[in-house]
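Visitor: Attaching a predicted model along with its sequence, questions to come.
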Amino acid sequence: MANEHIDVLIVGAGISGIGAAVHLQKLCPGKSFAILERRESFGGTWDLFRYPGIRSDSDMYTLGFRFKPWTARKAIADAPSILSYLGETIAEHDLARHIRFNHHVKCAHWSSENARWTVEGTIGADGQPMTISCNMLLMCSGYYNYDQGYTPDFAGLDAYKGKLVHPQHWPEGLDYKGKKVIVIGSGATAVTLVPAMADSGAGHVTMLQRTPTYMVSRPAEDAFALGLRKYLPAKAAYWITRWRNVLMQQFMFRLLRKNPEKSAERLIGMVKDMLPKGFDVGKHFTPPYKPWDQRLCLVPDSDFFNAVSDGRASIVTDHIDRFTEKGILLKSGEELEADIVVTATGLNMQMLSGLEADVDGVPFNPGAHILYKGTMFNDVPNLIMWFGYTNASWTLKADLTSEYACRIINHLDASDKKIAVARLNGKQPELDSFVDFSSGYFTRAADQLPKQGKNFPWRLHQSYPKDIQLLRYGSLNDEAMCFEAPHKVASKAGEAPALLEAAE
């Protein structure tokens, strides 16, 4: 497959990559494209994670694609339902012939003289070499390391005689019937695992958390959406529900941010109403941070609270001192015994799937660059990155990024240019962190994450309505975006990226 050339190369066959391919077909007809997926199947996150109860933590009317209505009953869907939805999308748009499984992209080299990327990697378990060139590289590979989840360096881990499991690598056929289980963590994964394991036969499940998380209960089915379907065509009902949910999300986000103290009090009060009288909500459900400093945990049909209320699950808020032979010793001196410990302790962020890239011989480090419109890195041509919202559904931003990529591709053709690149042009924007988010997986990877500016066009919005104006309808020409013809550059091989100092 060496020396093959494709107009557009999409890396990743998850929600972002599948959506990008559909938009490309519709908006850029005639462009050749391929989707390279390192795994054996499509779905990304929804195929990788196999732990009990895995589900969306956003409603499917906004996590679904703009172009394909979600028609299942449950708005908070499990992974098999999401995979079925993605499979339908692939079939409806004849994408299977474009997806190449077991293709692992490892490095990419940009040439301004040829105005193309040369992508290298391996194919299959035996690692056959792969080389493909493309005009446009679309990185739809997610934001975390698929090979390894995050597990803290717990003291005494070798002493533990039970089973240790990370949700990212759930063992097939794990038997937890009648067993004592500890789930370490308080995020979306832990809040999903606890009721799912309690409902499916675990003897008892303890959620061991260091810090509480804000939680919100929501019906798994959207009565408003189901009611609309009785009277309107599927597309119309989906569109109305989608926008209703988007506007509600934006309203609630702004309300929580504007009045964090009152909002926190209300969120904690709603949790108190769902638990037995006398339950220590202050200790177990009062986070030390403001709402939306971290993502709120969604609890469908109050399943987590129900499991705690009826005694099938419990919560312990404490710090781990060390693992013991039988379980975990806490800083308080209490020892929790467990047959199985699940470390729902998070992800390892990884920008661009760990891609090793260079631009005209200069190594490209995402952490040394600034994001343009939340989609492109300064001075990195013809490469667009998909990164969804932290305060709303991922796919809302992914769809807009796909539309924006297609607009860039079509503009290059219409202007007879070959290169699209965001440049600082001698201006240094005032810099800010990648996102205003305090979750552990972001803070641990702060040095790897690109920066953003405080003003347009270097600002990353967390607003779907604003991004519609910016990405779908906004002008492609501004002070930063440059459309260029192929050109020679002086040899810079081995140089450190000039922006590295400026971005720190």
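Guide: That came through, no problem.

Visitor: Enumerate every residue touching the nearest residue to Phe305 once chain neighbours are set aside.
Guide: Closest residue in space to Phe305, ignoring its immediate chain neighbours: Met274 at 4.2 Å, by CB to CB, 6 or more residues apart in numbering. For the C-beta atoms, the positions are set from N, CA and C on the backbone; glycine is no exception. Counting by CB atoms under 8 Å, 6 or more residues apart in numbering, Met274 touches 217, 302, 305, 309.

Visitor: where do the helices sit along this protein?
Guide: For the chain, the helices defined by DSSP state H occupy 15-27, 45-48, 60-63, 79-92, 188-199, 223-229, 234-258, 260-273, 281-284, 303-309, 394-415, 440-443, 464-467, 499-503.

Visitor: circling back to that earlier point, now, which of the contacts of Met274 sits nearest Lys373?
Guide: Closest approach to Lys373 among the contacts of Met274 (CB to CB): Ser217, at 35.5 Å.

Visitor: Which positions are bridged to the closest one in the beta structure?
Guide: With DSSP bridges applied, Ser217 shows beta-bridge pairing to Val299.

Visitor: so where's this structure uncertain?
Guide: 1-2, 433-441, 491-504 (pLDDT under 70).

Visitor: Thought Pro300 was touching Ala188, still the case?
Guide: No: Ala188 is beyond contact range of Pro300, at 11.3 Å (criterion: CB atoms under 8 Å).

Visitor: Between these two, which has more neighbouring residues?
Guide: Under the criterion of other CB atoms under 10 Å, the comparison of Ala188 against Pro300 puts Pro300 first, with 24 against 20.

Visitor: Could you check how far that one is from Val281?
Guide: 20 Å (CB to CB, to the nearest Å).

Visitor: same deal with Gln209?
Guide: Distance, Gln209 to Val281, using CB to CB: 14 Å.

Visitor: again with Ile6
Guide: 56 Å.

Visitor: One more: Asn455?
Guide: On the measure of CB to CB, Asn455 and Val281 end up 41 Å apart.

Visitor: The two: which is more packed in?
Guide: Set side by side, Asn455 and Val281 show more neighbours around Val281, with 16 against 10, by other CB under 10 Å.

Visitor: ok, that one touching Ile268?
Guide: Yes: using CB under 8 Å, Val281 is in contact with Ile268, at 6.2 Å.

Visitor: Give me the neighbour count for Cys107.
Guide: Cys107 has 13 nearby residues by other CB under 10 Å.

Visitor: and the closest residue in space to it that isn't next to it in sequence, how many neighbours does it have?
Guide: Nearest non-adjacent residue to Cys107, counting by CB to CB, 6+ apart: Glu356, 4.2 Å away. Per other CB under 10 Å, the neighbour tally for Glu356 reads 14.

Visitor: do the one 4 residues further on as well
Guide: By other CB under 10 Å, the residues close to Asp360 number 18.

Visitor: check contacts around the closest residue in space to it that isn't next to it in sequence.
Guide: Among residues not flanking Asp360 along the chain, Val489 sits closest, at 4.8 Å (CB to CB, 6+ apart). Shown in contact with Val489 (CB under 8 Å, 6+ apart): 112-113, 360.

Visitor: roughly how far apart are Val489 and Asp310?
Guide: Taking CB to CB, one finds Val489 at 67 Å from Asp310.

Visitor: Then Gly227?
Guide: Between Gly227 and Asp310 the computed distance is 31 Å (CB to CB).
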